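Asks: predicted model and sequence follow; I will ask about them next.
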Amino acid sequence: MNTIALVGNPNCGKTTLFNALTGSNQHIGNWPGVTVEKKEGKFKYKGDIYSVIDLPGTYSLGAYSEDEVVARDYILKGNPDVVINVVDATNLERNLYLTTQLIEMGTKVIIALNMMDEAQQKNIEIDLNKLSKELGVPVIPTIASKNKGLDSLIEKSIKYIKESQDSKLEFSYGGDIDKEIEHIKSLLDNSGLGYPPKWIAVKLLEGDKEVFRLIESKGPVSIREKLASLEEKAADYEFEIVDKRYDFIGKIVNKAVKKPVKAIETRTDKIDKIITHKYLGLPIFALIMFGIFQLTFVIGKDLLGGYVATFIEIIGEYVVNLLSMVNAPEWLLSFLSEGIFSGVGAVFEFIPLITVLYFFIGILEDTGYMARAAYIMDGLMRALGLHGKTFISMVVGFGCNVPGIMSTRTLDNKKDRMIALLINPFMSCGARLPIYLVFIAAFFPKHGGIVLFSLYALGIVVALLVGKIFSKTLFKGESSDFIMELPPYRLPIFKYVLRDMWDKVWDFLYRAGTIIFVVVSVLWILSILPFGVEPYSQESILGRIGTILAPIFVPAGFGTWQATVSLFAGIAAKEAVVAILGMVYAGVSEGSQLVTALQGVFTPLTATSFMVMTLLYTPCAAVLATVKHETKSNKWMIFMAVYPFVIGWIGAVLVYQIGRLLGF
């Protein structure tokens with residue numbers, strides 16, 4: 001099977017092209033940092049199947065961030081048959097820097113000159129033949145969002161795979177550097193390192209640390225002895241090499257591109273004057289998010305909310321009655337009624353609200369607004385000693401903290417990455433939503449949007465404050481520069497918005513049907529043992545465990561064994577909190593729903609305290625495993641398990657104790 005790799009700058013439309021080619025359900029967000037790992041899809045052309053690899057968006061093929069390393073390692077080691085370099089037609093100068101590096105590698109490169117419609121709107125004229133001739137590679141115009149030019153791109157790519165010659169771009173870095181490159185190449189001949197010798201030579205003179213480590217461990221003795229002198233030369237040559245590349249690109253652009261004398265003010269420019277305004281930007285962002293939460297409740301709860309609950313109740317009664325008719329054992333009826341339908345079913349009831357929220361967040365991503373949110377927050381992030389791009393990973397964390405943590409790979413230095421990774425779990429993920437929603441339904445039904453907005457805002461505030469503390473204690477030093485391109489506003493492609501929404505809802509359903517089912521099943525067994533005690537009582541094994549741990553939460557106002565076991569179950573998966581509450585309170589009064597049961601054992605103040613705890617405390621097991629994978633350290637995984645629990649406990653205690661003093 002032939003393999004095609006897609007590579008390009010962040011936000012050039014690469015993942016849109018990937019979806020158009022493969023029909024994959026790959027997530028698309030109109031802002032950098034969405035694709036943090038290579039993704040694979042397939043398409044069929046004239047009876048043959050081709051594999052397409054979507055590599056992380058990157059501005060260059062250095063080793064400054066993990067996404068750059070992932071992209072270049074696959075191109076060099078994965079041996080794709082052809083590389084499609086997706087280039088933003090509105091910004092050739094910046095995009096072609098990556099192109100020159102790809103061609104230098106000796107890789108077969110085809111340029112998909114994307115967003116041609118936006119270039120035309122800006123009156124940018126591109127001579128495709130001249131551009132192709134100057135670069136020595138095919139150039140195919142495309143509009144991936146409208147599926148235009150894809151047939152030509154596929155046809156040319158497949159034809160190019162069968163051609164024997166590789167793409168090569170020869171230009172001079174200047175006499176001194178060219179001599180050094182040739183000298184290093186001669187030392188690398190027959191070295192068996194698996195990389196093109198010229199590419200290694202250039203990377204050594206650019207001071208690439210990854211390549212230095214490679215030579216140090218596997219390189220021939222003749223060049224290892226010269227590493228120190230090469231490192232000294234790299235300090236002089238690095239910027240000269242970069243300048244030569246941009247000089248070369250500038251000459252190509254001058255020959256092949258005509259731009260209007262006066263830049264046209266686009267619709268994006270006009271909107272950004274308001275949206276990204278120095279003083280109005282942040283209030284507008286808060287207003288947009290507040291409006292989304294209000295709409296989530298109006299549509300998800302008021303219009304759709306009752307249907308799922310009624311459906312689950314009907315199905316539950318039907319299944320239990322059917323099994324009763326065939327004389328099923330009492331324990332099975334109890335397990336299904338009080339364990340599964342009262343527990344797992346309590347989680348499923350909030351699917352409409354979660355679906356609506358994901359839909360609106362998807363629209364914000366697809367229009368390009370989320371990039372503005374990161375830009376707007378940059379000043380505040382900087383003041384707190386954080387990197388502006390950290391906010392991107394924080395927003396990703398609103399969906400799920402696992403991809404939020406993985407997206408920190410796009411940050412260049414360790415300090416920025418570690419801080420972003422450690423504060424991400426304070427972002428309220430979708431799995432926490434059912435917990436908030438059941439307590440809002442019980443105690444704040446008329447103010448759901450305000451309460452939900454306040455919890456999300458509190459998570460951001462806590463994350464920023466903790467990040468500030470970490471930047472002054474655990475990770476001292478300067479943050480790297482914040483560089484982000486603001487993409488043009490685009491109408492959302494609802495096909496992709498709905499796909500992304502479904503992916504997240506399906507993930508929620510999958511977790512409810514697997515992890516939460518297992519957790520509920522185990523805890524149900526503990527709640528009815530030992531035989532002879534009243535099920536779901538304090539005398540059960542589950543009740544005894546909860547009773548031992550419950551004093552921890554007495555200062556926070558919810559020191560009951562039921563609340564305690566639900567919180568600890570939430571470390572396996574946050575949705576399990578509602579499932580366990582539904583199970584342990586199933587017998588509070590016959591036929592009562594969880595909302596009614598909670599109203600009998602919580603107050604508005606203790607409900608608020610409980611929600612603050614669930615917002616801030618230990619993230620789920622999947623997040624802890626991701627932290628271990630990303631940091632390669634058990635120490636940081638344990639730290640991530642402990643320190644949010646402490647912060648969550650302090651937050652819950654403060655809410656309850658201050659609330660009592662104020663007479664709530």
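Replies: That came in fine, so what should we check first? Numbering: from 1, shown residues only.
Asks: okay, and the helix or strand of the chain with the least pLDDT?
Replies: helix 345-348 (a mean of 68; mean pLDDT, DSSP states H and E).
Asks: can you name the element that comes right after that helix?
Replies: helix 351-367 (DSSP states H and E).
Asks: flag every buried residue along stretch 125-141.
Replies: By neighbour count on 16 or more other Cβ atoms under 10 Å, the buried set for stretch 125-141 is Ile126, Leu131, Ser132, Glu134, Leu135, Val137, Pro138, Val139, Ile140, Pro141. (C-beta placed from N, C-alpha, C; glycine too.)
Asks: same check, this time on stretch 104-117
Replies: Residues of stretch 104-117 classed as buried by neighbour count (16+ other Cβ under 10 Å): 104-116.
Asks: for stretch 21-40, measure first residue to last.
Replies: By Cα to Cα, to the nearest Å, the extent of stretch 21-40 from end to end equals 11 Å.
Asks: what does the average pLDDT come to for that stretch?
Replies: For stretch 21-40, mean pLDDT is 59.
Asks: what of stretch 656-664?
Replies: Mean pLDDT, stretch 656-664: 93.
Asks: just stretch 54-72 next, same as before
Replies: Rounded mean pLDDT across stretch 54-72 is 76.
Asks: check contacts around Leu654.
Replies: For Leu654, no contacting residues are found, by Cβ atoms under 8 Å, 6 or more residues apart in numbering.
Asks: from Gly648, how far out is it?
Replies: 11 Å (Cβ to Cβ, to the nearest Å).
Asks: and the closest residue to Phe610 other than its chain neighbours, what's its pLDDT?
Replies: Sequence neighbours aside, Phe558 is the residue nearest to Phe610 in space, at 5.1 Å (criterion: Cβ to Cβ, 6 or more residues apart in numbering). Phe558 is assigned a pLDDT of 95 by the prediction.
Asks: could you do the one 4 residues further on as well?
Replies: In the prediction, the pLDDT value recorded for Gln562 is 93.
Asks: my read: it touches Leu581, true?
Replies: Yes - Gln562 lies in contact with Leu581 (Cβ atoms under 8 Å); the separation is 6.9 Å.
Asks: okay, those two: which has more neighbours?
Replies: With neighbours defined as other Cβ atoms under 10 Å, Gln562 and Leu581 compare such that Leu581 has more, 29 against 24.
Asks: and the more buried one, what element?
Replies: helix 576-584.
Asks: OK, contacts around Trp472?
Replies: Trp isn't right for residue 472; it's Lys. Taking Cβ under 8 Å, 6+ apart, we find Lys472 in contact with Gly385.
Asks: for Val461, see how far away it is.
Replies: Note on Lys472: its distance to Val461, by Cβ to Cβ, is 17 Å.
Asks: likewise for Ser609?
Replies: 17 Å.
Asks: which of the two has more neighbours?
Replies: Ser609 (24 against 11).
Asks: test my guess that that one contacts Gly557.
Replies: Yes - using Cβ under 8 Å, Ser609 is in contact with Gly557, at 5.0 Å.
Asks: low-confidence stretches in this protein?
Replies: By pLDDT under 70, the low-scoring segments of the chain are 24-38, 63-67, 164-169, 301-309, 338-339, 342-347, 412, 477-485, 512, 586-592.
Asks: please enumerate the strands of it.
Replies: 2-8, 39-45, 48-54, 82-88, 109-114, 125-126, 139-141, 257-258 (DSSP state E).
Asks: from the recorded domain assignment, give the ranges for the protein.
Replies: 2-162, 175-258, 283-478+493-661 (automatic domain parsing).
Asks: neighbours of the residue nearest to Phe610, just the number please.
Replies: Neighbourhood size, Phe558 [other Cβ under 10 Å]: 24.
Asks: go on, Thr603?
Replies: Look at Thr603: counted by other Cβ under 10 Å, it has 15 neighbours.
Asks: how much space separates it from Gly559?
Replies: 13 Å.
Asks: what do you get for Asp243?
Replies: For Asp243, the distance to Gly559 - Cβ to Cβ - is 66 Å.
Asks: neighbour count for these two, which is higher?
Replies: In terms of neighbours (other Cβ under 10 Å), Gly559 is the more surrounded of Asp243 and Gly559; the figures are 17 against 12.
Asks: residues contacting that one?
Replies: By Cβ under 8 Å, 6+ apart, the contact list for Gly559 reads Ala550, Pro551, Ile552, Phe553.
Asks: which of those count as buried?
Replies: For those, a burial check counting by 16+ other Cβ under 10 Å picks out Ala550, Phe553.
Asks: okay but Leu92 is in contact with Val257, surely?
Replies: Yes - between Leu92 and Val257 there is a contact at 6.0 Å, judged by Cβ under 8 Å.
Asks: of the two, who's got more company?
Replies: Between Leu92 and Val257, counting by other Cβ under 10 Å, Leu92 is the more crowded of the two (23 against 17).
Asks: find the nearest non-adjacent residue to the more buried one, please.
Replies: That would be Val253: by Cβ to Cβ, 6+ apart, it lies 5.4 Å from Leu92.
Asks: circling back to that earlier point, what is the nearest of the buried residues of stretch 104-117 to Gln294?
Replies: The closest of those to Gln294 turns out to be Met115 (Cβ to Cβ; 34.4 Å).
Asks: that closest one and Gly13 touch, don't they?
Replies: Yes - applying Cβ under 8 Å as the test, Met115 and Gly13 come out as touching, 5.9 Å apart.
Asks: anything in contact with each of these two?
Replies: Asp88, Ala144.
Asks: for Tyr496, give me its contacts.
Replies: Thr16, Asn19, Ile28, Gly362, Asp366.
Asks: one step back: so what's the residue nearest to Phe610 up against?
Replies: Contacts of Phe558 (Cβ under 8 Å, 6+ apart): Phe602, Thr606, Ser609, Phe610, Met613, Ala652.
Asks: among those residues, which are in helices?
Replies: Of the contacts of Phe558, the ones assigned to helices by DSSP state H are Thr606, Ser609, Phe610, Met613, Ala652.
Asks: which member of those residues is positioned nearest Asp416?
Replies: Met613 (28.8 Å).
Asks: nearest to Leu491, out of the strands of the chain?
Replies: Among the strands of the chain, strand 109-114 comes nearest to Leu491, with 16.7 Å by Cβ to Cβ.
Asks: and that closest one, what does it pack onto?
Replies: Judged by 3 or more Cβ pairs under 8 Å, 6 or more residues apart in numbering; DSSP states H and E, strand 109-114 is in contact with helix 14-22, strand 82-88, helix 92-104, helix 128-135, strand 139-141, helix 150-162.
Asks: most packed of these?
Replies: strand 82-88 (a mean of 27; mean count of other Cβ atoms under 10 Å).
Asks: who does that one pair up with?
Replies: Strand pairing for strand 82-88, using DSSP bridges, gives strand 2-8 (parallel), strand 109-114 (parallel).
Asks: I figured Asn634 was touching Lys628, is that so?
Replies: Yes - with contact defined as Cβ under 8 Å, Asn634 reaches Lys628; the gap is 6.4 Å.
Asks: so if I had to pick from these two, which one is more boxed in?
Replies: Neighbour totals were compared for Asn634 and Lys628, and Lys628 leads with 16 against 10 (other Cβ under 10 Å).
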